[in-house]
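> The sequence isn't on hand, but the structure is:
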DNA sequence: AATGAATGAGACTTCATTCAT
DNA sequence: CATGAATGAAGTCTCATTCAT
């Protein structure tokens, strides 16, 4: 049943984000999902598969929402880039623990799981890269920088909101963070009119 | 004995960086250090204390080398900033796994341990902040951005070399990474002469 | 399952009475109960809880049987007292090791466990005290002695059968012991007709 | 060195009485005696030997003081008995924990150690038995009771002060306890003049 | 589809004891 | 006489996983 799958996933996500993979027992996941331990194993092969599903679920959320938002945005590359970056940050801000979990537990996963994560990350950042390249080709952005580096920075800065939340939250609102970060980027790469 | 302490620390650091805190048993640390399990407990109260010592050891390395390098550098704020950033990246590049470990296992530590980590991170970034502020006061850097944000980005970008090494390494050498990143920053914050 | 609980309790009681709390491993309890170690922990939180359950089980046995026997006995205070004392001694003689265990390991228990033990001991001795007081009020027993002291002695003497069994057994049968001890007491406290 | 031996014994006695044999580590004994662990092993073969020495030391204290006091007392059997009983109780009251330790840890000792304990207990109670028999032969005490039982009770009641101290202390001073207990006994066994 | 009793390997940790110095 | 670093066996407890019902 599709619903059970989702219930287990949510329970596991909640607990693992709160306490980390190793501190969460299958029993506690079952308890939170309101089912028995045995039943989890009819939906997930083992604990690692459960973690992998949780992480992939999170990354797929990014992958669905960031490109979608960019498509809805106008045709101007800078605007599109801002829209993607803002959405990225918003999704992260909505569940910062999820992002942190993906960082923390990536080595817990098997080779396969890690590769799947990397693929999703790359796929998610592709529209951002597209916008940067479009901007360069349109003469809006300088050619001096590798687009991959620019995208790497945007992703890193978005993740930074979750990773260093303890340090940023007292000083910046999410809006301010997004605004200033994008302004910083634009000043660096924009070609003066 | 000072030497034993270091041997244990090194063994633990190596293994934990490789496989993560939970995947490393005290027995395996003992084996790698060439001693018995019991002896570890004469130097560290428990496994968590060992992790904490490993992480603090790494962070102290940053804290010793970054400010020292900046002091040796000249008086120009931009140059000083570059020097600090480059050193930061170099230290990270020397043992990227160590940086990743600090990220991954910070929640494994007790409140106390986490606070100690944060203190060390802040202390390490202080000279960077100093340089940014000096630059602003000297009229070299724009006042438009919060210096804390600039420093946050520098630290994040430095960590990024370790965190996203799998993605960067094929495209950039460390030197290129440092150079382009700093150029990106300068273009954003430098006041035109 | 009620049966498992009892099986574990019996196994633990047997072994602990034989060798003492510290000499008994959870593994040995599991072996004797014919189950695995892990299962013990589904019934008892930890080893101390197991000891506590064993001791309480013993004391509750006293608490159930001594008052019950006294109620079945006639109305004469002296007779009731004898009946209570005899039953007390008989229960102790049935499993002298259990009594010794309660003495030996009381300090092994936490504050809570010790308090529970004291409560049960006091509750068990209450009907004895009642009989002594009734005897005094009926003019059968002298007022010269504190009833608490008389009860204390009865309890101590009953326990004595277990505590000094090695010394008594060759000389006295349980019947003789009970008879002579009670005669000793009566001569001391009985008011001559 | 004689002094070292005593220091170790005292340290061990103090700690074991406080926390029990198993809760006391050789290291803690060494710390309290102000020496190194290794040195303990030059005076005692192993931990059990240390416990045995502690217990024997306590019992020898009884064995020295009870008979001595009785000898100093007058020739009247009843008076001698009281003197012995009082001294017994006083020694016990001086270090009740020592008595409790002897009870608690007797099963911790090897067969040999336990036998040595029993010997000492019996030897200590001999003068009490002597006094009872003298009293009977002098026509002061009734022949109706086995002298061994009377002595057993006296010893048990003396130990009772330590074993049930928590229950007695609020109600009785040691003096009252000794006085009333002996009065109880005398009424039971004294032949009316 | 669902349960949860049962397993047992494996982790952390302690501590009596030894021995080179 | 004295130290204390070092050992390693043994103990308690947890938890992923299975399977009979």
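Happy to help now that I have it. Computed from a predicted model, the values in this text were never measured in an experiment.

> where does the residue in chain A that chain D sits nearest to land on pLDDT?
Per C-beta to the nearest C-beta, residue A:23 is where chain A lies closest to chain D, at 30.2 Å. Placement of C-beta: from N, CA and C, glycine included. The model reports residue A:23 with a pLDDT of 96.

> wait, isn't residue A:8 in contact with residue A:47?
No - look at residue A:8 against residue A:47 with C-beta atoms under 8 Å: they stay out of range, at 11.8 Å.

> So between those two, which is more surrounded?
Between residue A:8 and residue A:47, residue A:8 has the larger neighbour count (other C-beta atoms under 10 Å in any protein chain shown), namely 24 against 18.

> Work out for me the element the more buried one sits within.
Using DSSP states H and E, residue A:8 sits within helix A:2-19.

> Are that helix and DNA strand F in contact anywhere?
No - judged by C-beta under 7 Å from any atom of the strand, helix A:2-19 stays clear of DNA strand F, getting no closer than 10.0 Å.

> List the residues that contact the residue nearest to residue A:138 when sequence neighbours are not counted.
Distances taken as C-beta to C-beta, 6 or more residues apart in numbering or on different chains put residue A:77 closest to residue A:138, at 6.1 Å, once the chain neighbours are dropped. Residues near residue A:77 by C-beta atoms under 8 Å, 6 or more residues apart in numbering or on different chains: A:131-132, A:134-135, A:138, A:140-141.

> What residues sit buried inside the helix or strand bottoming out on mean pLDDT in chain A?
Lowest by mean pLDDT, DSSP states H and E among the helices and strands of chain A is helix A:165-168, with a mean of 90. Residues A:165, A:167-168 are the ones in helix A:165-168 that count as buried (16 or more other C-beta atoms under 10 Å in any protein chain shown).

> quick one: stretch A:119-126 to chain centroid distance?
The chain centroid and the centroid of stretch A:119-126 are separated by 10 Å, computed with C-alpha atoms, centre = their mean, to the nearest Å.

> How confident was the prediction at the residue in chain A that chain C sits nearest to?
Chain A approaches chain C most closely through residue A:27 (10.9 Å), counting by C-beta to the nearest C-beta. pLDDT recorded at residue A:27 is 97.

> try residue A:193
Residue A:193 is assigned a pLDDT of 76 by the prediction.

> Next: residue A:93.
Residue-level pLDDT assigned to residue A:93 equals 96.

> before we move on, the earlier item: does the residue of chain A closest to chain C touch residue A:37 like I think?
Yes - between residue A:27 and residue A:37 there is a contact under C-beta under 8 Å: 5.6 Å.

> Using the record's assignment, carve chain A into domains.
A:1-44, A:49-189 (automatic domain parsing).

> hey, which of those domains is tucked in deepest?
domain A:49-189 (a mean of 19; mean count of other C-beta atoms under 10 Å in any protein chain shown).

> Relative to the whole chain's centre, how far out is it?
Its chain's average C-alpha position is 6 Å from that of domain A:49-189, according to C-alpha atoms, centre = their mean.

> returning to what we had before: give me the contact list for the least confident helix or strand of chain A.
Residues contacting helix A:165-168 (C-beta under 8 Å, 6+ apart): A:96, A:160-161, A:177, B:118, B:122, B:152.

> Now for the residues you listed: which two are most distant?
A:96 and B:122 (19.8 Å; C-beta to C-beta).

> Could you pull out the strands in chain A for me?
Using DSSP state E, chain A contains no strands.

> where does it have low pLDDT?
Filtered on pLDDT under 70, chain A yields no residues whatsoever.

> Around DNA strand E, pick out the residues from it.
A:1, A:4, A:35-39, A:42.

> all helices in chain A, in order from the N-terminus.
A:2-19, A:26-33, A:37-43, A:47-72, A:77-94, A:96-104, A:111-137, A:147-163, A:165-168, A:174-189 (DSSP state H).

> and the fifth one with helix A:47-72, angle?
Taking axes from the mean of the first three to the mean of the last three C-alpha atoms, to 10 degrees, one finds helix A:77-94 and helix A:47-72 inclined to each other by 150 degrees.

> check contacts around residue A:103.
Shown in contact with residue A:103 (C-beta under 8 Å, 6+ apart): A:159, A:163, B:103-104, B:163.

> Report the two of these separated the most.
The farthest-apart pair in these, when distances are taken by C-beta to C-beta, is A:159 and B:104, at 13.9 Å.
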